[in-house]
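S.K.: I'd like to go over a predicted model; first the sequence, then the structure.
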Amino acid sequence: MSTDLQTIAELLFPDVTESPEAILAHYPARNLPVGACVTRYAPSPTGFVHLGSLYTALISKKIADQTKGVFILRVEDTDKEREVENGIALIAEGLHKFGLDSDEGITADGSGERGVYGPYVQSHRRELYKVFIKELVVRGGAYPCFCTPEELDSVRATQELQKIKTGYYGVWARHRDITVEEVAERLAKGEKPVIRVRSRGVEGQKFSFKDAVKGGLTLTANDQDAILFKSDGYPTYHWAHVVDDYLMKTTHVIRGEEWLPSAPLHIELFELMNWKAPIYCHVSLIMKLDGGTKRKLSKRKDPEANVEFYAEQGIPKEAVIEYLMNLANSSFEDWRREHPAAPMNEFVLKLEKINVSGALFDMTKLLDISKNVISRMNADEVFARVLAWAEEYDAKFARLISKNAEYALAIFGIERGGDKKRKDIAAWSELDGSVGYFFDEVFDLLPTEGFDVPESVGRAAAAELLEAFLLAYNPKASADDWLAEMKSLGVEHGFAADTKQFKAAPPGTYRGHFGDVAMVIRRALTKRAQTPDLFEMLQVMGERRIQARVAQARAFLK
Ligand code: GLU
């Protein structure tokens with residue numbers, strides 16, 4: 001029998017001359033500290049980084065980093081139909097945008113690779129897969145199957161009719177015991193086989209193993225003779241995963257839980273090769289609440305499934321990463337509360353503490369985290385980030401702020417620095433709307449209705465107030481002096497100094513209170529009812545602009 005297996009292997013792979021041992025010699029054990037984890041992110045180059053993939057990539061990188069291990073970026077491009085042009089670069093850039101550069105494998109710009117356990121693109125590893133699949137055939141763990149799609153369909157139809165499990169297994173695995181003669185004959189006719197695993201599993205058997213995230217699991221054992229090698233000369237995911245992670249010395253395979261049902265097959269393959277399997281860590285998928293039911297965040301239905309969405313919105317990468325870390329382990333939130341300014345790498349993520357139920361995507365929470373992340377930045381940083389974002393996604397805003405750089409810097413500095421932590425900005429794309437009016441180019445185009453004042457104040461009183469405000473305004477006054485000045489100005493014009501006084505007085509005593517005075521000024525300067533701190537705004541806008549805007553507002557109110 002074993003000579004038959006050898007002959008079949010030779011018939012199938014006559015051009016494979018290298019021995020498995022020779023290859024293994026090129027992949028020595030890694031020289032890493034005890035406890036160091038080797039992890040990898042292994043996407044297909046579909047040109048799209050799903051938020052769920054970023055999530056597993058983040059966990060993989062974090063686990064490698066905190067154990068002084070290695071985080072590999074490997075590209076799984078064996079499904080040529082799904083591949084898009086430039087797919088590798090798009091993935092590498094996608095990771096880079098979120099600060100998840102790899103230590104080994106594809107470089108951050110996607111143009112090359114580094115490390116001695118490569119190549120790191122699966123289509124460049126085809127010879128390796130062949131050497132080992134040939135070896136598995138020799139060992140009796142795999143065999144060629146020449147069934148046509150029609151034959152497989154008819155097997156399935158029969159199984160369905162008999163109401164039994166469908167698939168290529170047990171007695172249904174027609175070519176399991178194919179003879180050397182038949183293999184030779186079919187190959188001579190030009191038939192192209194796939195290579196299947198000869199599973200040792202028996203229907204109904206259970207398989208138990210320990211998942212580092214999910215704990216001890218008992219699943220249905222594999223009994224399917226799954227395809228490992230396709231007739232186009234490429235391995236399937238199953239085979240590529242086993243060969244790659246063995247050669248690259250991956251210690252922890254961190255991947256989405258959609259792969260959990262395949263874990264028994266993968267572990268079986270490691271056993272058939274006599275290789276030590278890595279530790280599996282199946283991470284739950286990111287779910288979304290849709291009309292009361294939980295479903296997987298979908299590439300097709302949800303724009304937020306594509307990580308490009310966050311870049312486009314100008315949500316800082318740190319916010320996305322913090323949000324994902326929070327999904328991974330809810331105790332991250334407490335840690336952040338206790339260490340508001342600490343760098344993320346000080347947080348320790350434990351695999352066994354990772355969220356095991358479907359993590360529910362929550363945009364409001366993400367934006368809240370983003371507001372906090374942005375509140376910790378200083379004005380220079382905000383300016384640099386906004387400019388970089390706008391240059392890519394909003395050319396008009398980029399021009400506006402680079403033309404008025406100093407002014408923009410001052411605007412972004414409002415309520416920022418020192419103890420002040422402005423928490424109203426969640427994304428750079430909001431800024432055009434929320435601070436655009438500071439710039440005359442934008443302000444002038446806003447409808448004059450924005451100058452409108454509360455009815456209780458009345459237009460004439462407002463115009464009067466504005467005139468008095470201009471006369472009284474002293475740009476050199478401190479915040480306290482300015483406030484006192486504004487209050488007395490209000491009082492002179494019949495406004496209560498505060499709401500308390502206003503409410504205590506009989507109706508009709510006052511025209512309004514200080515809040516109304518501030519609103520009149522705020523609207524004159526911004527055509528808006530909501531703005532950052534009025535005093536700081538005045539400081540930033542400067543006298544010339546204040547005068548011009550107040551003049552316009554007065555003209556409108558008269
Ligand atoms: N290429 C697989 C995917 O895109 C990788 C899964 C894994 O990490 O092993 O999901």
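M.R.: Perfect, thanks for sending it.
S.K.: Show me which residues of the protein sit near the ligand.
M.R.: Within the chain, the positions near the ligand by Cβ under 6 Å from any ligand atom are 42, 43, 44, 76, 241, 253, 255, 259. The C-beta positions use only the backbone N, C-alpha and C, and glycine is treated the same way.
S.K.: Compare those residues and tell me which has the most neighbours.
M.R.: Counting neighbours by other Cβ atoms under 10 Å, residue 42 leads these with 27 neighbours.
S.K.: State the pLDDT value of that one.
M.R.: pLDDT, residue 42: 95.
S.K.: That one contacts residue 74, correct?
M.R.: Yes - Residue 42 lies in contact with residue 74 (Cβ atoms under 8 Å); the separation is 4.7 Å.
S.K.: Where does the stretch 51-200 of the chain get nearest to the ligand, residue-wise?
M.R.: Nearest residue of the stretch 51-200 of the chain to the ligand: residue 76, at 3.7 Å (Cβ to the nearest ligand atom).
S.K.: what sits against that residue?
M.R.: By Cβ atoms under 8 Å, 6 or more residues apart in numbering, residue 76 lies in contact with 42, 43, 44, 45, 122, 237, 240.
S.K.: For residue 200, give its distance to residue 224.
M.R.: Distance of residue 200 to residue 224, given as Cβ to Cβ, to the nearest Å: 12 Å.
S.K.: sorry, back to before: where do the contact lists of residue 42 and residue 74 overlap?
M.R.: Common contact partners of residue 42 and residue 74 (Cβ under 8 Å, 6+ apart): residue 244.
S.K.: For the protein, which helix or strand comes out least confident on mean pLDDT?
M.R.: strand 420-421 (a mean of 72; mean pLDDT, DSSP states H and E).
S.K.: Next secondary structure after that one?
M.R.: Later in the chain than strand 420-421, the nearest helix or strand by DSSP states H and E is helix 431-435.
S.K.: and that next one, what other elements does it pack with?
M.R.: Helices and strands touching helix 431-435, by 3 or more Cβ pairs under 8 Å, 6 or more residues apart in numbering; DSSP states H and E, are helix 395-403.
S.K.: Mind putting the contacts of residue 76 into CSV with distance to residue 374 and secondary structure?
M.R.: Below are the contacts of residue 76 laid out as CSV (distance: Cβ to Cβ, whole Å; DSSP: H, G, I helix; E, B strand; the rest coil):
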residue, distance to residue 374, secondary structure
42, 33, coil
43, 29, coil
44, 33, coil
45, 32, coil
122, 39, helix
237, 40, helix
240, 41, helix
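S.K.: Any chance of the residues you listed in JSON lines with distance to residue 210 as columns?
M.R.: Formatted as JSON lines, these follow (distance: Cβ to Cβ, whole Å):
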{"residue": "42", "distance to residue 210": "22"}
{"residue": "43", "distance to residue 210": "26"}
{"residue": "44", "distance to residue 210": "28"}
{"residue": "45", "distance to residue 210": "32"}
{"residue": "122", "distance to residue 210": "28"}
{"residue": "237", "distance to residue 210": "22"}
{"residue": "240", "distance to residue 210": "24"}
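S.K.: Which one of those residues is nearest to residue 382?
M.R.: Using Cβ to Cβ, residue 43 is the member of those that lies nearest residue 382, at 31.8 Å.
S.K.: Next, count neighbours for residue 466.
M.R.: Neighbour count for residue 466, taken as other Cβ under 10 Å: 23.
S.K.: Let me see the backbone angles for it.
M.R.: The phi/psi pair for residue 466 (degrees, to the nearest 10) reads phi -60, psi -40.
S.K.: got the contact list for it?
M.R.: Taking Cβ under 8 Å, 6+ apart, we find residue 466 in contact with 520, 521, 524, 550, 553, 554, 557.
S.K.: Residue 465 is in contact with the last one, correct?
M.R.: No - with the criterion set as Cβ under 8 Å, residue 557 and residue 465 do not qualify as a contacting pair; they are 9.5 Å apart.
S.K.: which stretches of the stretch 1-150 of the chain form strands?
M.R.: Along the stretch 1-150 of the chain, the stretches classed as strands by DSSP state E, counting those that start in this stretch are 38-41, 70-73, 104-106, 113-114, 142-145.
S.K.: Partner strands of the shortest one, with direction?
M.R.: Strand 113-114 pairs in its sheet with strand 104-106 (antiparallel), by DSSP bridges.
S.K.: Run the chain-centre distance for the strand it pairs with.
M.R.: Mean C-alpha position of strand 104-106 versus that of the full chain (Cα atoms, centre = their mean, to the nearest Å) differs by 19 Å.
S.K.: Pull out the buried residues from it.
M.R.: Neighbour-count burial for strand 104-106, counted by 16 or more other Cβ atoms under 10 Å, picks out 104, 105, 106.
S.K.: Let me see the ranges of the helices in the stretch 151-300 of the chain.
M.R.: For the stretch 151-300 of the chain, the helices defined by DSSP state H, counting those that start in this stretch cover 180-188, 237-247, 263-272.
S.K.: Only the buried residues of stretch 80-95, if you could.
M.R.: 83, 87, 88, 89, 90, 91, 92, 94, 95.
S.K.: wait, doesn't residue 501 sit right on residue 514?
M.R.: No - with contact defined as Cβ under 8 Å, residue 501 does not reach residue 514; the gap is 9.0 Å.
S.K.: Compare those two and say which one has the larger neighbour count.
M.R.: Neighbour count, other Cβ under 10 Å: between residue 501 and residue 514, residue 514 has more, with 20 against 15.
S.K.: Tell me how far the more buried one lies from the ligand.
M.R.: Per Cβ to the nearest ligand atom, to the nearest Å, residue 514 is found 60 Å from the ligand.
S.K.: Ramachandran angles for that residue?
M.R.: Residue torsions, per degrees, to the nearest 10, at residue 514 are phi -60, psi -30.
S.K.: what's near enough to touch it?
M.R.: Contact analysis of residue 514 by Cβ under 8 Å, 6+ apart lists 486, 487, 490, 495, 496, 497, 498, 499.
S.K.: filter the residues you listed to the buried ones?
M.R.: For the contacts of residue 514, buried by 16+ other Cβ under 10 Å: 486, 487, 490, 495, 496, 497.
S.K.: quick one: which of those residues is nearest the ligand?
M.R.: Among these, and counting by Cβ to the nearest ligand atom, the member closest to the ligand is residue 486, at 60.7 Å.
S.K.: Going by secondary structure, residue 503 is in what exactly?
M.R.: When elements are assigned from DSSP H and E, residue 503 belongs to helix 499-504.
S.K.: list the helices and strands the next helix or strand after that helix packs on?
M.R.: Next along the chain after helix 499-504, taking DSSP H and E as the criterion, comes strand 512-513. Packing partners of strand 512-513 (3+ Cβ pairs under 8 Å, 6+ apart): strand 495-496, helix 499-504.
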